[in-house]
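Colleague: Test case, fold it:
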Amino acid sequence: MGVSATKPYCVLVLGGSFDPVHNGHIELARSLCNRLKPDELRIIPAGQPWQKSALTATSEQRVSMLKLAFENWETCPVIIDEQEILRAKQQQINYTIDTLRVLRQQFGADVSISFAMGADQLQNLHTWHHWKDLFELAHLCAAARPGFSLESAAPEVTQEWQKRRRSAEDIRASVAGGSYLEPELAMDVSATQLRTGLHQHNPTMRLLVPAKVLDYIQQHTIY
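Modeller: As a prediction, the model looks like this:
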């Protein structure tokens with residue numbers, strides 16, 4: 001894990017299905033942006049996640065919803081990176097490790113890359129393809145939902161996470177290899193329940209989606 005005298009360029013990566021993008025995604029990005037002060041927020045919608053069933057919204061719809069959700073983002077520039085979607089269209093299997101390797105090649109060895117994940121992803125981290133190798137390419141940053149405890153993750157994940165734990169300042173000042181857990185993210189959103197609620201016109205579920213995204217969903221009758 002390299003540290004330079006001056007802070008390296010910092011990229012916060014937010015990946016996911018975004019089917020649809022919801023306020024939980026936005027709060028995760030906002031929370032980590034406030035902590036890490038990245039120079040860039042790079043959002044990478046999945047092509048076809050290998051651990052999930054077929055997505056409901058098309059890749060074009062998911063990209064459009066992301067652009068609407070983050071169009072007024074003020075903390076740093078936002079880039080919607082479609083590399084995983086392009087690989088899926090070429091019938092290529094893609095894992096997070098592949099995406100981070102591409103980003104590391106693009107940015108070089110001296111850029112700080114932090115990969116953001118929710119508590120549910122952290123709990124399943126041990127099932128990810130070459131999950132320990134992720135730390136060679138980036139920092140892993142997660143936000144704990146209400147009631148979450150790191151001890152609820154697999155023992156090997158808890159051990160690795162604790163061993164690599166860094167402050168937000170250390171994460172920002174180094175290129176890779178650390179872990180950071182945001183103490184508590186107030187919003188806990190289940191995408192499956194959200195899609196069902198939107199389909200049933202549940203007013204509570206509709207409040208969990210940015211207004212412009214909700215308008216887009218209704219206009220295109222996605223869920």
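
Colleague: Please name every helix or strand in contact with the longest helix seen in the chain.
Modeller: Secondary structure of the chain per DSSP state H: the longest helix is helix 23-36. Contacts defined by 3 or more Cβ pairs under 8 Å, 6 or more residues apart in numbering; DSSP states H and E place helix 23-36 against strand 10-16, strand 40-45, strand 112-118, strand 139-143, helix 168-173, strand 179-182. Placement of C-beta: from N, CA and C, glycine included.

Colleague: How many residues are close by Pro146?
Modeller: Pro146 has 10 neighbouring residues, counting by other Cβ atoms under 10 Å.

Colleague: Is it located within a strand, as I assumed?
Modeller: No - counting by DSSP: H, G, I helix; E, B strand; the rest coil, Pro146 is not part of a strand but coil.

Colleague: what residues does stretch 210-219 touch?
Modeller: Stretch 210-219 has contacts (Cβ atoms under 8 Å, 6 or more residues apart in numbering) with 20-23, 26, 61, 64-65, 68-69, 71, 198, 206, 209, 222-223.

Colleague: Quick check: which of the helices and strands packed on helix 23-36 has the most neighbours on average?
Modeller: Across the helices and strands packed on helix 23-36, the average number of neighbours (mean count of other Cβ atoms under 10 Å) peaks for strand 139-143, which reaches a mean of 27.

Colleague: ok, then the element right after it?
Modeller: Where DSSP states H and E defines the elements, the next helix or strand beyond strand 139-143 is helix 155-163.

Colleague: Now do the buried residues in that following helix.
Modeller: Of all the residues in helix 155-163, those buried under the rule 16 or more other Cβ atoms under 10 Å are 157-158, 160-161.

Colleague: Pick out the most distant pair among these.
Modeller: The most widely separated members of those, counting by Cβ to Cβ, are Thr158 and Glu160 (7.5 Å).

Colleague: didn't Gln123 look like it was pressed against Ser152?
Modeller: Yes - using Cβ atoms under 8 Å, Gln123 is in contact with Ser152, at 6.2 Å.

Colleague: so where's this protein uncertain?
Modeller: 1-5, 49-53, 186-187 (pLDDT under 70).

Colleague: do that again at 50, thanks
Modeller: Residues of the chain that meet the criterion pLDDT under 50 lie in 1-4.

Colleague: The nearest residue to Asp133 once chain neighbours are set aside in helix, strand or coil?
Modeller: Among residues not flanking Asp133 along the chain, Ile97 sits closest, at 5.9 Å (Cβ to Cβ, 6 or more residues apart in numbering). Put simply, Ile97 is helix when judged by three-state DSSP.

Colleague: okay, now Ile97: neighbour count?
Modeller: When neighbours are defined as other Cβ under 10 Å, Ile97 has 18 of them.

Colleague: Who are the contact partners of it?
Modeller: Here Ile97 is in contact with 128-131, 133-134, 137 (Cβ under 8 Å, 6+ apart).

Colleague: Out of these, flag the one nearest to Gln83.
Modeller: Leu137 (14.5 Å).

Colleague: Does that closest one touch Ser114 like I think?
Modeller: No - assessed by Cβ under 8 Å, Leu137 is found out of contact with Ser114, at 10.8 Å.
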